[in-house]
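Peer 1: Sequence plus predicted model, see below.
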Amino acid sequence: MNEIAFRTEKLTKIYGSGDTAVHALRGVNLSIPSGDMAVLLGHSGSGKSTLVNILGGLDSATSGKAWFLDNELTAMSEKQLTQYRRLHVGFVFQFYNLVPSLTARENVALVTEIAKDPMPAEEALERVGLTPRMNHFPSQLSGGEQQRVAIARAIAKRPNILLCDEPTGALDSETGITVLEALTQINKELGTTTLIITHNADIQRIAHRVLFMADGQIVNETINKKRLNPSEVSW
Amino acid sequence: MVKPLDIKLLRDFRRLWAQALAIALVAAAGVGTMLVIVGTYRSLIETRQAYYERYDFADIFANSVRSPNRLLDNILSINGVIRADIRIQESAILDIPYMSDPASAKIISIPDRGEPNLNRLFLVKGHLPNVEKNNEIIISQAFANAHYFKPGDSFFAIMGGVKRKLVISAIALSPEFIYTVREGEMFPDDKRFGIIWMRYSNLASAYNLNGAFNFISLKTDINSNQSEIIDKLDSLLKPYGGTGAYDRNEQSSHAYIDSELTGLKAMSYVLPPIFLLVAAFLVNMTLARLIALEREQIGLLKAIGYKSSTIAYHYMKLSLLIASVGIIFGWIYGALAGRGMAQIYAQFFKFPFLLFQDRADIYAISAFAALIAALFGALQAVKTTIRLSPAIAMSPPAPPVYRQFFLDKLGLSKYFSQGIVMATRNLTRRPIRAILTTLGISLATGLLIAGIFINDSIEYMIEASYYRADRQQASIVSAKPLTPSAMQEVKRLPGVIMAEPFRIVPVKIINGIHQKRTILTGKPNGADLSRVIDLDLNPIKLPQYGVAMPQMLADILDIKISDYIEVELLDGSDKKLKLQVSQIIQQFMGLGVYMEISSLNKALGESSLSNGANISFDSNKTDELFLIVKTTPAIAGITLLRKSLQMLRQTFGESIGIMRDVMVVLATIIVFGVVYNSMRIQLSERARELASLRVLGFTKREVSIILLSEIFILTMLAIPIGLLFGYSWAGLLAHEYQTELFRMPLIIERSTYGFSALIVFIAMLISAFIVQRRISKLDLIAVLKTRD
């Protein structure tokens, strides 16, 4: 059995207070082993993003606990969380969030500059198949290419964790598949624990583990006996 | 009911309050400065005018050696003369009990009964002297203040060779001495020079001038021809040693205030426009960003049927609102500071009262100027709203396109951090904004230099006149011409190390229709103490024959080198000389002409005579020397140059200090306005980018550095440009300050450049850090969920 990458205990998040309080998470308990590729499914408002934000060190919990390996995330200061993100977490967002004034290679280099043991930016881009486009600015790249730059940027520091919030949400299915291929390949080759948020149920079949969320709780958890290749999925 | 667009306007204003305030402050500085300068200018003019009228300041003045009092009737009968005041005017050395160094005074007679006919006195304290008590006097207020004298106090004076005790009965101000300097000097020394008024009979008997006068003032009819009156007066006084009458323009106090007024006027042309220009640019920058952010709203408004002009007007109103806040602040600042500034002037010049001029028209003009500046700034930004078609406006803007810039093209970008690369690419993507931001910061730098360089120029003139030209410790003026043997006696005075003779003759120089009164000074060639120097501070060798004339005077009189001029002596001797101009020289101050002393004596047909000596002495024997000076009747006056210098530095130090502080505040307002607004706009444009970096694990500090590097680069570019601005404005001001008497050298020390650059840099850092704190407030999650 692999060690546990993420573990939570009665993780609760409440936005606002009194009558306007919104319970985003209602005592979530989960554990995800290292090296897993997990997909987090659920409708909007089910608490997926809140959970991932807390696991990624972007947000704090109202109560309950969350651990990354042996480190209690819920006890970290803002500074420590920044360090945690810096050293261990790679993010991929729905809207890529590339720096428009930097080329593909420079966007990746942005992260390798501050990481401890990064891979060369060129290598990260090679892994997502973007070597020929690496000197282009974001405005000169397609959506899929931009998302792959974002993935290259996320993995270049060899993170333990890759958190992807709707990575294919803004892409058509064909382009989305190239992005998912990049993610599964990274997961396989580098053993990066990968957590993908999506509300696209078709994507679940490429993962080891699928978590269903509704109303701030994990309502179902399944483990895929047989995983599909991204190319076998369509939506 | 308030229209929805107006509600939006007020909410926008509230939301943007910090940026709006930064802009309003810059506009306020423009409005306020205009009020202060114009208010001070007008107050000085009005106050001087009222003072002149209430205290009967004369129009024409004339000296003579000894004119009989009965001449007054003839003078009064000159056509156009309304009133005349005759008096005796002499100089005296003073011996003030607690002060070892001698002071001197101009002693002026007032009629035995009542007040003078013209140039009436404003009694600050005490009562007019009683003619029966022959030692009662009035002294000028500045002199009294410098010595803490009050009525009843006394000191000694050597008058007509006799040492007398004088008792103060009153302290007064006079419209004749609003600015008091010893003849031939530029700067006041209230401790060592004062004005004394004494009853006519008492003064006349001291100087043996009973039944005579040697100074006359005239009040003339407004419609009269002054030069005709001057000519007639001259011919009446000529037999009695008249030295030529002159009008207010040559009266030293009046002329000095005139030159100060010229300076104020020059300031009013330079300062307020700078602020309003910067405010216009800031309005433009902020509004352009607001419109870019509200692109979709503008599209929506157009789609539902709002006219382009209505929308354009909506944004114009925001700029007018900001300007209005600036105007209100500016008015408050102007009203308060204007009064303060006028009071400082009123104290520096000796006015008995101050008519502060705070008229509505300048308030209206300043407000109008600020509104125009704001509209001008808004225009360019608002134009884009008119051009937007609703369909395009409602779709998101095309993603920003970046290009490679020269660092990339040269393959250098890999050597710089990503932060610097991002900053430089951002700058090249919005070159106009980068240029305007740079311009704004450089204007502030230039403003500082233009505001404080005057100190350097004055220091340079001090260096020129006290350390290069007149290096003597003291100048002794003798009561009668000194023969060479008398000069030897001067050299034998206790402690005297070196003594050089000089000869001073008041003259009128005539070239055809042009003429000018000035001073002809004879100095020995090779003199070590008092020398004539050029603009580079090098001593000038005076020509063997003929006159050395300053360029300014040559221009006034239309004289070229080797021309012959007519020189009329104004020492009462009625002599006329024909002399050649054999050298044209460059000088900072005065229109005085020079000759080699022996050549001057030869031209005068006299053997080697002088009217005084410039001396250097052993400072250990100061007391002994001063004691002799104070008690020797042959010595009519003494000027202690170094002591005057201390006083000068003190007087100017204060006002220059205030000026510098004001300039620092004003420049800081500009820098703050520019830096704060441009960084807030950047933060708004790049919030997503910066938040992404935070998510990727960049610390707040690292993100701040990325945001700061742009403004840092721009400030570094702006400062050298600002130094150039400063240099050229200073040049402009120096030129505007130029008068016949005075040419301000354009001297800017490196320390002034350094100080200005440093202040701007610090102001930039502080403003930047205020914005930088907002980075902590970036909402990392929200920003990632939204599309650009």
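Peer 2: Here it is on my side, so go on. Predicted, not measured: the structure shown is a model, and the values here were computed from it.
Peer 1: all contacts plus neighbour counts: C-alpha atoms, from now on.
Peer 2: Will do.
Peer 1: give me phi/psi at the residue of chain A found nearest chain B?
Peer 2: In chain A, the residue that lies nearest chain B is A:Arg86 (3.8 Å; CA to the nearest CA). Torsion angles at A:Arg86 (phi, psi; degrees, to the nearest 10) stand at phi -60, psi -40.
Peer 1: how deep is the nearest residue to it once chain neighbours are set aside tucked in, by neighbour count?
Peer 2: Closest residue to A:Arg86 apart from its sequence neighbours, by CA to CA, 6 or more residues apart in numbering or on different chains: B:Gly697 at 3.8 Å. Number of residues near B:Gly697 (other CA atoms under 10 Å in any protein chain shown) recorded here: 28.
Peer 1: got any ranges where chain A has weak pLDDT?
Peer 2: For chain A, the stretches with pLDDT under 70 are A:1.
Peer 1: Need the CA coordinates for the helix ranked longest in it. PDB is fine.
Peer 2: Longest helix in chain A by number of residues (criterion: DSSP state H): helix A:173-190. C-alpha atoms of helix A:173-190 as PDB (Å, rounded to 0.1, in the frame of the first residue of the first chain):
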ATOM      1  CA  SER A 173     -13.400  17.400 -26.800                       C
ATOM      2  CA  GLU A 174     -10.600  16.800 -29.200                       C
ATOM      3  CA  THR A 175      -8.300  19.300 -27.600                       C
ATOM      4  CA  GLY A 176      -9.500  18.200 -24.200                       C
ATOM      5  CA  ILE A 177      -8.200  14.700 -24.900                       C
ATOM      6  CA  THR A 178      -4.700  15.900 -25.700                       C
ATOM      7  CA  VAL A 179      -4.700  17.700 -22.400                       C
ATOM      8  CA  LEU A 180      -5.900  14.600 -20.500                       C
ATOM      9  CA  GLU A 181      -3.200  12.500 -22.300                       C
ATOM     10  CA  ALA A 182      -0.600  14.900 -21.100                       C
ATOM     11  CA  LEU A 183      -2.000  14.500 -17.500                       C
ATOM     12  CA  THR A 184      -2.100  10.700 -17.500                       C
ATOM     13  CA  GLN A 185       1.300  10.400 -19.000                       C
ATOM     14  CA  ILE A 186       2.800  12.700 -16.300                       C
ATOM     15  CA  ASN A 187       1.000  10.700 -13.600                       C
ATOM     16  CA  LYS A 188       2.400   7.500 -15.000                       C
ATOM     17  CA  GLU A 189       5.900   8.600 -15.600                       C
ATOM     18  CA  LEU A 190       6.500  10.900 -12.600                       C
END
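Peer 1: Up against chain B, what does chain A have?
Peer 2: Applying CA under 8 Å from any CA of the partner chain, we find that chain A lies next to chain B at A:53, A:58-59, A:79, A:82-87, A:89-91, A:93-95, A:97-102, A:106, A:109-111, A:114, A:137, A:139, A:154.
Peer 1: Show me which of these are buried.
Peer 2: For the residues of chain A next to chain B, a burial check counting by 16 or more other CA atoms under 10 Å in any protein chain shown picks out A:53, A:58-59, A:82-87, A:89-91, A:93-95, A:97-102, A:106, A:109-111, A:114, A:137, A:139, A:154.
Peer 1: before we move on, back to that, double-check the residue of chain A closest to chain B against A:Lys116; I have them as touching.
Peer 2: No: with contact defined as CA atoms under 8 Å, A:Arg86 does not reach A:Lys116; the gap is 9.0 Å.
Peer 1: Quick test: name the residue nearest the centre of the chain.
Peer 2: Picking chain A for this. A:Leu163 (1.3 Å; CA atoms, centre = their mean).
Peer 1: Chain B, not that one
Peer 2: Centroid-nearest residue in chain B, with CA atoms, centre = their mean: B:Gly263, separated by 5.3 Å.
Peer 1: what's the distance between that residue and B:Ala734?
Peer 2: 9 Å (CA to CA, to the nearest Å).
Peer 1: Kindly report the same for B:Tyr246.
Peer 2: 28 Å.
Peer 1: continuing past the host helix or strand of B:Leu282, what's the next helix or strand?
Peer 2: Using DSSP states H and E, the secondary-structure element containing B:Leu282 is helix B:252-293. Moving toward the C-terminus from helix B:252-293, the first helix or strand encountered (DSSP H and E) is helix B:295-303.
Peer 1: At which residues are the helices of chain A located?
Peer 2: When secondary structure is read from DSSP H, chain A shows helices at A:48-55, A:78-88, A:104-112, A:121-127, A:143-155, A:173-190.
Peer 1: Serialize those helices to a markdown table and add fields for distance to B:Tyr564.
Peer 2: Shown next, in a markdown table, are those (distance: least, CA to CA, whole Å):
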| stretch | distance to B:Tyr564 |
| --- | --- |
| helix A:48-55 | 96 |
| helix A:78-88 | 87 |
| helix A:104-112 | 80 |
| helix A:121-127 | 86 |
| helix A:143-155 | 88 |
| helix A:173-190 | 97 |
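Peer 1: mind checking which of these is nearest B:Leu683?
Peer 2: Closest approach to B:Leu683 among the helices of chain A is made by helix A:104-112 (19.0 Å; CA to CA).
Peer 1: Next, report how far that closest one is displaced from the centre of its chain.
Peer 2: Put simply, helix A:104-112 sits 18 Å off its chain's centre (CA atoms, centre = their mean, to the nearest Å).
Peer 1: Could you list every helix and strand in contact with that helix?
Peer 2: Helix A:104-112 is packed against helix A:121-127, helix A:143-155, helix B:418-429, with contacts defined by 3 or more CA pairs under 8 Å, 6 or more residues apart in numbering or on different chains; DSSP states H and E.
Peer 1: What about the closest residue to B:Leu778 other than its chain neighbours, how many residues nearby?
Peer 2: Using CA to CA, 6+ apart and skipping residues adjacent in sequence, the residue nearest B:Leu778 is B:Ala691, 6.4 Å away. When counting by other CA under 10 Å, one arrives at 25 neighbours for B:Ala691.
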